[in-house]
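> dropping a prediction and its sequence here:
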Amino acid sequence: MRRADSWNQFLRFTRHDLVDPFPGRLAQAWRIALACALTTMMASVYGIPEAAISCYLIFFVMKPDAAEGSILAVALTVLVVMMVMLLLMITRWTIDAPALRIVAIVVTSLILLYLGSASQLGELGGIIALVLAFVLTLLDDVPFGEAATRAILYAWLMSTMPMACVLAINLTMGRKPITLLRQTVAQRLLACADWLEHATPESRACLREQVWEGQEISLKRLGMTRLLALGRGDEIRRLARALQESYRMAMALLALPQDTAQPVRDALATQLRQAAQALGKGQAVPEFELIPPETSTIMDSAWGALRDLAGTPARYPAAAPGEPFLRPDASTNPEHVRYAIKTTAAAVICYLIYTAVQWQGIHTAMITCYVAALGSVAETAHKLVLRIIGCLIGAALGIGSILFLMPHMSSVGAIMLLVFFGTFIAAWVAVGNERVSYAGVQIALAFLLTVLQGFGPTFDMDTARDRVVGIILGNFVLYVMFTQFWPVSVIQRAWDGMHQSLAHLASMARVPGVDQSAQDAHDLRVAHASKVAANVAATRQALGFTNFETYRLRPSRTEVRRVAAMTRAVRATSLHLLLSPAADAATAHRLDALARQTAQRPPPLEGGGPSPAWPYVTPAAGANAMDSDIHRLENLIDGH
């Protein structure tokens, strides 16, 4: 693929992500904006400082699912209490010793950033490290211990007050998780019916989107619904089974031959629409008078999925084993430690710079280091670009508001309206695809820091200038650290995704075990297929960041095509294992060997000549086709 074509594709995706609506986008955007407006009112009425940071936290907590958002709000409140206690102890030891304060920042950052990289803590580790480090840097301006204690308690109030607003909105106007699960199942079944009735490229693309993004988010939502008992037990079991069988149905139809008789397709589509209607209303799918399927494995699987949708199951589907808290390579992969060292060093350098020049207004430099650092150079550069663009747009909105709107405002209600419309624009971008969502968060931060500088209308534009300068400084320092010290290519992230995908394929091939029933084996295959799809999607997303790679780390076109061809082969193998579960121990052994090989990352292919074709072939059911796809994977990994 030529660089120009790659950039054109990236820009086309970006335009789609910014403009096109999707179900729930508008509802999520206005709820975030409303929570920010209510937080602004509470901060103004009760004199709570740093209202901009309070509103900023809402973007991380408000989720499409009211239950998940509420749990996050409560969890963050509890976490803040623990952090306040930790800060009080650290402050007692370091308030009179600036050197010890820097040591405390370094130690806490290294530990939390390492855990963020090497465990399921993820980005939360960086957020906790940011809060601890930022509060400790503020002690430079605190003259005595009592003032420091009051400042920390204000920080606690500043964090918990927006969580109360989030809880209020979720409990009164939030979208229930069981409603979202109904919509997910109904949309998937309708996408299957559309593909059966009208085999167009558009309907196939819609069906592929339903399959190849996986369903990990839906399964997480289902688990929360079960844990909190947010619906009737019989309906939750029906939806759990429907998630499994609708996913199995969609995967089967992706492999459906084009020459399948149209009457058979129409009959199946009609019954799928009836099932979607029943599940969308929270009702059980009635027993269908099934038409005898064609003699093919694919149609057998499709009709079997429809048959299993009917009625109310007696138990929940078997689930794949959960991921451990620590990643398997937590103690062996040096990249986790290197990531923590690079990010901490960049943050401390920024802190020393703005402290030395006595320019506290650019403290966003240190914040940038924590929130924009990612594992690879390309991912970090992509996030830095989004941060700069979002910062400039947000600052422009804020400055425009100060110049043209603030002179006409004289009440808290007017400020609330301004915050609502400004954060609505930011939230619209933030709830979109990950390719652009971070820009929306930065639009919100820059806008809020510009217009919320006190407890009423403001006319100070120095804040906007300082925030932009700080973000640019932080981006520069972080970019230097990640490109000059232990740089990680984005292609390594893609190979990591391939390793995870192949490991789940091997698990699929080992099903059923000696102590598993036929139904449990079927459920486990579907669960592993979903995990394969999610990891492949992450791999393909990583490949999309190659344009942001530095020249000396940028993979060749041949190498990118090689990994992209592997993702297609993995998807085809996943289809075979799900639709024709005739794998044996030898197949599982081959896939295990491939997973171990990708964990060590095979030597890259150098570009220079024309890229190999490596075409994608729609798989046909059967053991021979699966063996062919695994053989293709072996050749790709070996570089042939």
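It's in.
> which residues does the nearest residue to residue 324 once chain neighbours are set aside contact?
Nearest residue to residue 324, sequence neighbours excluded (C-beta to C-beta, 6 or more residues apart in numbering): residue 120, at 7.9 Å. In this view, the C-beta of every residue, glycine as well, is placed from N, C-alpha and C. Contacts were defined as C-beta atoms under 8 Å, 6 or more residues apart in numbering; by that measure residue 120 touches 323, 324, 325, 326, 327.
> run through the stretch 151-300 of the chain and note the low-pLDDT ranges.
The model of the stretch 151-300 of the chain has pLDDT under 70 over residues 151-152, 289-296.
> what secondary structure does residue 107 sit in?
Assigned with DSSP: H, G, I helix; E, B strand; the rest coil, residue 107 falls in the helix class.
> okay, now it: neighbour count?
Using other C-beta atoms under 10 Å, residue 107 has 12 neighbouring residues.
> for the one 5 residues further on, same thing?
Under the neighbour criterion other C-beta under 10 Å, residue 112 is assigned a count of 24.
> for it, give its distance to residue 352.
According to C-beta to C-beta, to the nearest Å, residue 112 stands 20 Å off from residue 352.
> next one, pLDDT for residue 98 please.
Looking at residue 98, its pLDDT stands at 77.
> likewise for residue 323?
At residue 323, the pLDDT value in this model is 74.
> next one: residue 39
For residue 39, pLDDT reads 93.
> ok, now residue 30?
pLDDT for residue 30: 93.
> swap in residue 15?
At residue 15, the pLDDT value in this model is 67.
> what's the answer for residue 568, then?
On pLDDT, residue 568 comes in at 90.
> same deal with the one 4 residues further on?
On pLDDT, residue 572 comes in at 88.
> is it correct that it is in contact with residue 629?
Yes: using C-beta atoms under 8 Å, residue 572 makes contact with residue 629 at a distance of 4.6 Å.
> secondary structure element holding the residue sitting nearest the centre point of the chain?
Within the chain, one residue has its C-alpha closest to the average C-alpha position: by C-alpha atoms, centre = their mean, that is residue 434, at 6.7 Å. Here residue 434, judged by DSSP states H and E, is contained in no helix and no strand.
> let me see the backbone angles for it.
As for residue 434, its main-chain torsions (degrees, to the nearest 10) stand at phi -60, psi -20.
> nearest spatial neighbour of it, skipping sequence neighbours?
Leaving aside its sequence neighbours, residue 434 sits nearest to residue 541 (C-beta to C-beta, 6+ apart; 7.1 Å).
> residue 450 now?
Closest residue to residue 450 in three dimensions, ignoring its sequence neighbours and counting by C-beta to C-beta, 6+ apart: residue 398, at 2.6 Å.
> how close does the one you found sit to residue 391?
According to C-beta to C-beta, residue 398 and residue 391 sit 10 Å apart.
> common neighbours of those two, please.
Residues within reach of residue 398 and of residue 391 at once, by C-beta under 8 Å, 6+ apart, are residue 446.
> what's the burial count for the residue nearest to residue 450?
The local packing of residue 398 (other C-beta under 10 Å) involves 28 other residues.
> please identify the helix or strand for it.
helix 377-404.
> list the buried residues in that helix.
Of the residues in helix 377-404, those scored as buried under the neighbour-count criterion (16 or more other C-beta atoms under 10 Å) are 377-384, 386-388, 390-399, 401-402.
> helices and strands around it, which ones?
The criterion is 3 or more C-beta pairs under 8 Å, 6 or more residues apart in numbering; DSSP states H and E, and the helices and strands that helix 377-404 contacts are helix 364-372, helix 412-430, helix 437-451, helix 462-484, helix 490-510.
> now residue 285, what are its backbone angles?
Dihedral angles (degrees, to the nearest 10) for residue 285: phi -80, psi 130.
> which residues does it bridge with?
Listed by DSSP bridges, the beta-bridge partners for residue 285 are residue 310.
> tell me how far residue 202 lies from residue 220.
Residue 202 sits at a distance of 29 Å from residue 220 (criterion: C-beta to C-beta).
> okay, those two: which has more neighbours?
When residue 202 is set against residue 220 and neighbours are counted by other C-beta under 10 Å, the residue ahead is residue 220, at 13 against 10.
> the more buried one: what secondary structure?
Secondary structure, three-state DSSP: residue 220 is helix.
> in which helix or strand does the residue lying closest to it once chain neighbours are set aside reside?
Distance criterion C-beta to C-beta, 6+ apart; nearest residue to residue 220, sequence neighbours excluded, is residue 68 at 7.9 Å. Residue 68 is located in helix 66-94, with elements delineated by DSSP H and E.
> so what secondary structure elements neighbour that helix?
Here helix 66-94 touches helix 51-61, helix 98-118, helix 123-138, helix 145-173, helix 177-197, helix 216-228, going by 3+ C-beta pairs under 8 Å, 6+ apart.
> cutoff 6 Å now
Secondary structure elements in contact with helix 66-94, counted by 3 or more C-beta pairs under 6 Å, 6 or more residues apart in numbering; DSSP states H and E, are helix 98-118, helix 145-173.
> can you list the residues that contact the shortest one?
When contacts are taken as C-beta atoms under 6 Å, 6 or more residues apart in numbering, the neighbours of helix 98-118 outside the stretch itself are 90, 94, 121-122, 125-126, 128-129, 132-133, 136, 327, 330, 336, 339-340, 343-344.
> alpha carbons only: can I get stretch 314-333 in PDB?
Included here for stretch 314-333 are C-alpha records, laid out as PDB according to Å, rounded to 0.1, in the frame of the first residue of the first chain:
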ATOM      1  CA  ALA A 314     -31.800 -23.100  32.400                       C
ATOM      2  CA  ARG A 315     -28.300 -21.900  32.900                       C
ATOM      3  CA  TYR A 316     -25.700 -19.400  31.600                       C
ATOM      4  CA  PRO A 317     -23.300 -20.200  28.800                       C
ATOM      5  CA  ALA A 318     -19.800 -21.500  29.800                       C
ATOM      6  CA  ALA A 319     -17.300 -18.600  29.800                       C
ATOM      7  CA  ALA A 320     -13.600 -18.700  28.800                       C
ATOM      8  CA  PRO A 321     -11.100 -18.300  31.700                       C
ATOM      9  CA  GLY A 322     -10.600 -14.700  32.800                       C
ATOM     10  CA  GLU A 323      -7.400 -12.900  32.300                       C
ATOM     11  CA  PRO A 324      -5.000 -12.800  35.400                       C
ATOM     12  CA  PHE A 325      -4.300  -9.400  37.000                       C
ATOM     13  CA  LEU A 326      -0.600  -9.500  36.000                       C
ATOM     14  CA  ARG A 327       0.200 -10.100  32.300                       C
ATOM     15  CA  PRO A 328       2.100 -13.300  31.500                       C
ATOM     16  CA  ASP A 329       5.300 -11.400  30.600                       C
ATOM     17  CA  ALA A 330       5.100  -9.000  33.600                       C
ATOM     18  CA  SER A 331       8.400 -10.300  35.100                       C
ATOM     19  CA  THR A 332      10.200 -11.200  31.900                       C
ATOM     20  CA  ASN A 333       9.400  -8.300  29.400                       C
END
